[in-house]
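S.K.: What would the 3D arrangement of this be:
(2 chains)
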Amino acid sequence: MPVRTRFAPSPTGYMHIGGMRTALFNWLWARHHGGTFILRIDDTDQQRNMDEALGPILQAFRWLGLNWDEGPEVGGPHGPYFQSQRRGLYDAALQKLLSTGHAYRDFETPAETQAQREAAEREKRVYVSSRVSLQLTADEVQAKLAAGEACVIRLLVPRGETVVINDHVRGTVEWDCNLMPDPVIARSDGSPLYNFATVVDDAAMEISHVIRAEEHLSNTPIQVLLHRALGNVIPEWAHIPYVAAPGSKEKISKRKIAAYRKNPQFQKLFELGDAVLSRLGFDAAADALSPVMVAYYQQVGFLPAGILNALVRLGWSYDDQTEVLSREEMQQKFSLERVIRSPAGLDPDKLISFQSHWMSQLPADDKLEGCLSFLLAAGLISSADDPGTRSYVAAVVDLAADRLRVFGDIFQLDEFFLSDEQLSVDVKNFDKRVRSSATTQENLLLLKDRLQSLADFLAGPLHDLLQAFVAERGIRVGDLFPALRLCVTGKAQGADLFRSLELLGRERVLRRLDRSLSGC
RNA sequence: GGCCCCAUCGUCUAGUUAGGUCUAGGACAUCGGAUUUUCAUUCCGGUAACAGGGGUUCAAAUCCCCUUGGGGUCACCA
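M.R.: Numbers count the residues shown, from 1 in each chain, chains lettered A, B, ... in the order given. Coordinates of the predicted model:
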């Protein structure tokens, strides 16, 4: 049987990081087997603007390079791929269930059902459907229908049976049908409910493996029953653990962002993100963008390889050694058998570590392109095409070296893009290392003349000059270098000092030295 | 509360299916040290875990039971 997996998002306007991990596992399983990966849109109760709601989801897939073989935009032999357009299929399946006696019309009002539920709870009884509507004769049903009485359609759960599945990650799981209420499969307006539509579509689309988060485990018996009643081939199941919030076992959720900000394990990620997003004009506190959403990582300048690597290692491992995996490697090595059973907390530290690794592997040209677009978006350069700008930025990127973990980190070297006036100064360190020392100021003044007359303003000669100067004046490197850096870049630390000076060029260095010294 | 799932270093995990080679391995984080003009990198090294209790067995992280803890789900949502 060919492997066909699906990911069926509801169009919510953003792509959840945990959902992305589920999608990745589906994609990996299909690709590993040379199968088919399908995207289906579960929009059975959608009123909102589809473009706005679905766009970010497809965008996340495209960004990460998870292509789908069937679904929106690409179509396929089992379309349409929007549940809102598949009503005919659901209606037909409903009729079949009704006519074979696997489902029945229930005229009980929601209030009545609710009351029974509460009564059962009060009496510590298991609640199961009353099934009074089942006593109705065919004529009585027709009469009620003719009278316009509202009813829902419920699946008739077979009493006395047990549903057993052999889950790829959880093994044997079973449920007692005597404990299950008859689930509603169609609303009073005839529209299908999730569990029902899913079953109809999974069968119609010939899904071989349903790989989804553990939170769906409790839906499974209902779906198995539905498949049976419909005479479908039952797909194989794999309930993977959901992605938890850092350091917890709780499902990571968009609604808990405020709490995550206080989470020490999340700190580093938020700091990184806030620094970048504020430069890009996003209001960090507004949470329009948060680490729960895939788009966040793209905006901050993460690489698909970094995100994918972090996600694949959440709940899955290849062996006791392998940590770094490219998309091709994970595709080749992935298996459901090695998915772990317990929930895995997203680990921001490890995510950043994977990201740093993949950034270090990125070819210089790609690094340049990425930084260019970030600098442009922040208004630090005016064109990404100008040859002069490109070669200058390339030099800065090269200088940044491994300080660049995400593209947004390029903003930390803003001293190369800001004018002398705009340059922000680390006042505390400037006071400590420059302003408070007359000797240092004297030395810097003297150094200025030497820099002025240096033949070649290049890293090598600058290095020699600075070292000789320190020796000549009988001072320590620590007395001069940090002070010089502060004057020229405004920062207490940063990239290689000599190369920084070279890149800034004699003019800017001298001018900034002047400005800083005159401010003392 | 019912049903279901889960339980190894701070975190992600290997080891559990086929009990012994596990005085429990790796990675991230952390702490030392080396390199370095700062920071970062890199390289060495350290700290750190089988939730608890009963069994079964010559032998249990591994099998069984109980307890505890955590989580998911209980809609005319998906």
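S.K.: show me what contacts the residue lying closest to residue A:411 once chain neighbours are set aside?
M.R.: In space, residue A:411 comes closest to residue A:279 once its chain neighbours are excluded; the distance is 4.8 Å by Cβ to Cβ, 6 or more residues apart in numbering. Yep, even glycine has a C-beta here, placed from its N, CA and C like the rest. Taking Cβ atoms under 8 Å, 6 or more residues apart in numbering as the definition of contact, the neighbours of residue A:279 are A:378, A:408, A:411.
S.K.: Could you tell me which of the residues you listed belong to helices?
M.R.: Taking DSSP state H, every one of the contacts of residue A:279 sits outside helices.
S.K.: Reformat those residues as CSV; add pLDDT.
M.R.: Formatted as CSV, those follow (pLDDT from 0 to 100):
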residue, pLDDT
A:378, 96
A:408, 97
A:411, 96
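S.K.: is the helix ranked longest in chain A up against RNA strand B anywhere?
M.R.: Longest helix in chain A by number of residues, with DSSP H as the criterion: helix A:497-518. Yes - contact check for helix A:497-518 against RNA strand B, using Cβ under 7 Å from any atom of the strand: residues in range are A:497-499.
S.K.: what would these look like in JSON lines with pLDDT?
M.R.: Converted to JSON lines, the residues of helix A:497-518 next to RNA strand B look like this (pLDDT from 0 to 100):
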{"residue": "A:497", "pLDDT": "95"}
{"residue": "A:498", "pLDDT": "96"}
{"residue": "A:499", "pLDDT": "96"}
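S.K.: Please identify which of the residues you listed is nearest to RNA strand B.
M.R.: Distance to RNA strand B, by Cβ to the nearest atom of the strand, is smallest for residue A:497 among those, at 3.5 Å.
S.K.: How many neighbouring residues does that closest one have?
M.R.: Burial measure for residue A:497: 19 neighbouring residues, criterion other Cβ atoms under 10 Å.
S.K.: OK, contacts around it?
M.R.: Contacts of residue A:497 were listed using Cβ under 8 Å, 6+ apart, and they are A:466, A:481, A:484-485.
S.K.: Buried ones from those, can you make that a ChimeraX selection?
M.R.: With 16 or more other Cβ atoms under 10 Å as the burial test, the buried ones among the contacts of residue A:497 are selected in ChimeraX as follows:
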select /A:466,484,485
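S.K.: Return only those of the contacts of residue A:497 found close to RNA strand B.
M.R.: The overlap between the contacts of residue A:497 and the neighbourhood of RNA strand B (criterion: Cβ under 7 Å from any atom of the strand) consists of A:481, A:485.
S.K.: any chance of the contacts of residue A:497 in a markdown table, with pLDDT and secondary structure too?
M.R.: Shown next, in a markdown table, are the contacts of residue A:497 (pLDDT from 0 to 100; DSSP: H, G, I helix; E, B strand; the rest coil):
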| residue | pLDDT | secondary structure |
| --- | --- | --- |
| A:466 | 93 | helix |
| A:481 | 94 | helix |
| A:484 | 95 | helix |
| A:485 | 95 | helix |
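S.K.: For the contacts of residue A:497, name the two members farthest from one another.
M.R.: Pairwise distances across the contacts of residue A:497 (Cβ to Cβ) peak at 11.1 Å, for the pair A:466 and A:485.
S.K.: Now do the helices for the stretch 251-400 of chain A: every range, in order, please.
M.R.: Counting by DSSP state H, counting those that start in this stretch, residue ranges of the helices within the stretch 251-400 of chain A are A:257-260, A:267-279, A:294-300, A:304-312, A:327-333, A:348-361, A:364-377, A:387-400.
S.K.: Looking at those helices, spot the one closest to residue A:77.
M.R.: Of all the helices of the stretch 251-400 of chain A, the one in closest proximity to residue A:77, counting by Cβ to Cβ, is helix A:327-333 (23.8 Å).
S.K.: which helices and strands sit right next to that closest one?
M.R.: Contacts defined by 3 or more Cβ pairs under 8 Å, 6 or more residues apart in numbering; DSSP states H and E place helix A:327-333 against helix A:17-32, helix A:304-312.
S.K.: how about that helix: buried residues?
M.R.: A:327, A:330-331, A:333.
S.K.: And stretch A:3-22, by the same measure?
M.R.: Residues of stretch A:3-22 classed as buried by neighbour count (16+ other Cβ under 10 Å): A:3-11, A:14-22.
S.K.: picking that back up, which member of the residues of helix A:497-518 next to RNA strand B is positioned nearest residue A:263?
M.R.: The shortest distance between residue A:263 and any of these, using Cβ to Cβ, involves residue A:497 and amounts to 36.8 Å.
S.K.: Distance-wise, check the closest one relative to residue A:507.
M.R.: 18 Å (Cβ to Cβ, to the nearest Å).
S.K.: For the stretch 201-350 of chain A, which segments are assigned as strands?
M.R.: Taking DSSP state E, counting those that start in this stretch, the strands of the stretch 201-350 of chain A run over residues A:209-213, A:236-240, A:243-244, A:344-345.
S.K.: Spell out whether the second one and RNA strand B are in contact.
M.R.: This points to strand A:236-240. No - residues of strand A:236-240 contacting RNA strand B under Cβ under 7 Å from any atom of the strand: none, with a closest distance of 7.6 Å.
S.K.: The third one now?
M.R.: Yes - Strand A:243-244 comes into contact with RNA strand B (Cβ under 7 Å from any atom of the strand), by way of residue A:244.
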